[in-house]
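heads up, no residue letters with this:
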């Protein structure tokens, strides 16, 4: 089964999938993206992901080249060609190709790229044991709610995590926890799920929204507010959410053991409910 490449309305061999060096995504990071996963070949929460793609494009005054209906058709066609049961669909829209100049160029068309690759889910053992994390300064720009291809802050944090031998980097700005380099971060304090509020300081994940809904259905209290780093260290439980991570317990942060040092009861409950939802 092949990985699939798509550029500007055409599926084509991977080696032929190229864009211009004058593309503004390459020159300026002037673009947006979205990541969608499948379960048994079916895109999960596709409408929510496409809505977020539209919102991100609108915030940057980017032309949205396809309707949701057309995007759905392209995605289904690509998934059919790939044949993967578990796949990761990556979509990127940039402002397009033009001679390098900071101001928006006139009369150009957006560049659209989509790739479909096989997804290898995390092992059961990792989910049972939980993962470790370290904290990093949040160096990103002021509109983290836009899913921009400008990811240098995330890249630097992710590299710090790799060097430290931990799974994730948790970002901290002005002493407050925002999110992870590739996840949203949630903590349990006295039975309440606490996570950073929606707004320009975080990218509100589709998985984040659904996990909070699952918590409310379980009558687990939810508070959307920022946590201090000290409060994060002292939380009863910490877990990450994300498209490919789902619900993943964190057992140590900066060498500090979280709770019992194992994924906690609320984390396990929400992970189990997620499995039922996606099963």
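Structure's in. What do you need? These numbers were taken from a predicted model, which means no experiment stands behind them. Numbers count the residues shown, from 1 in each chain.

Let's verify residue 158: helix, strand, or coil?
With DSSP: H, G, I helix; E, B strand; the rest coil as the basis, the three-state label of residue 158 is helix.

What sits closest to it if chain neighbours are left out?
residue 181 (4.6 Å; C-beta to C-beta, 6 or more residues apart in numbering). Where you see a C-beta, it was placed from the backbone N, CA and C, and this is true even at glycine.

domains of this protein?
Annotated domains of the chain cover 4-118, 124-278 [automatic domain parsing].

How many neighbouring residues does residue 19 have?
Residue 19 is flanked by 17 other residues according to other C-beta atoms under 10 Å.

Now it: closest residue in space that isn't a chain neighbour?
Nearest to residue 19 is residue 111, by C-beta to C-beta, 6+ apart, at 5.5 Å.

Dihedrals phi and psi, the one you found?
Backbone torsions for residue 111, taken as degrees, to the nearest 10, come to phi -100, psi 130.

Could you do residue 266 as well?
Dihedral angles (degrees, to the nearest 10) for residue 266: phi -70, psi -40.

all strands of the stretch 101-250 of the chain, in order?
Per DSSP state E, counting those that start in this stretch, the stretch 101-250 of the chain carries strands over the ranges 111-118, 131-137, 168-173, 176-180, 184-189, 192-195, 222-224, 227-228, 237-242, 246-253.

Just the residues contacting the shortest one, thanks.
Contacts made with strand 227-228 from outside it, assessed by C-beta atoms under 8 Å, 6 or more residues apart in numbering, are listed as 175, 176, 177, 187, 194, 196, 235.

which of these lies closest to residue 75?
The shortest approach to residue 75 among these belongs to residue 196, at 29.8 Å (C-beta to C-beta).

Could you list which residues are in contact with that closest one?
176, 177, 178, 179, 184, 185, 202, 224, 225, 226, 227.

which of those residues count as buried?
176, 177, 178, 179, 184, 185, 202, 226, 227 (16 or more other C-beta atoms under 10 Å).

For residue 276, see how far away the last one is.
Read it as residue 227. Note on residue 227: its distance to residue 276, by C-beta to C-beta, to the nearest Å, is 28 Å.

What score does residue 2 have for pLDDT?
Note for residue 2: predicted pLDDT of 89.

I'd say it and residue 82 touch.
Yes. The criterion here is C-beta atoms under 8 Å, and residue 2 meets it with residue 82 at 6.3 Å.

Just put the contacts of residue 196 in TSV and tack on pLDDT and distance to residue 62.
Below are these laid out as TSV (pLDDT from 0 to 100; distance: C-beta to C-beta, whole Å):
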residue	pLDDT	distance to residue 62
176	98	30
177	98	30
178	98	24
179	98	23
184	98	24
185	98	28
202	98	21
224	98	28
225	98	32
226	98	30
227	98	33
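
Out of those, which is nearest to residue 49?
Using C-beta to C-beta, the contacts of residue 196 come closest to residue 49 at residue 184, 14.9 Å.

For the closest one, give me its contacts.
Taking C-beta under 8 Å, 6+ apart as the test, what residue 184 contacts is 195, 196, 202, 203, 204, 205, 207, 208, 240, 241, 242.

Among the buried ones among the contacts of residue 196, which one lies nearest to residue 158?
residue 179 (12.8 Å).

In contact with residue 65, which residues are there?
Counting by C-beta under 8 Å, 6+ apart, residue 65 makes contact with 93, 109, 110, 112.

one step back: spit out the contact partners of the residue nearest to residue 158.
Applying C-beta under 8 Å, 6+ apart to residue 181 gives the contacts 136, 154, 157, 158, 161, 168, 169, 171.

Repeat the analysis, applying 10 Å as the threshold.
133, 136, 138, 140, 151, 153-161, 168-171 (C-beta atoms under 10 Å, 6 or more residues apart in numbering).

three-state assignment of residue 92?
strand.

hey, what's it bridged with?
Beta bridges link residue 92 to residue 33, residue 113 when assigned by DSSP bridges.

i'd like the first residue to be 729 from this point on
Done: numbering now begins at 729, and the last item shifts to residue 820.

how near is it to residue 798?
Taking C-beta to C-beta, one finds residue 820 at 16 Å from residue 798.

So which of those two has more stuff around it?
The residue with more neighbours, out of residue 820 and residue 798, is residue 820; 20 against 11, by other C-beta under 10 Å.
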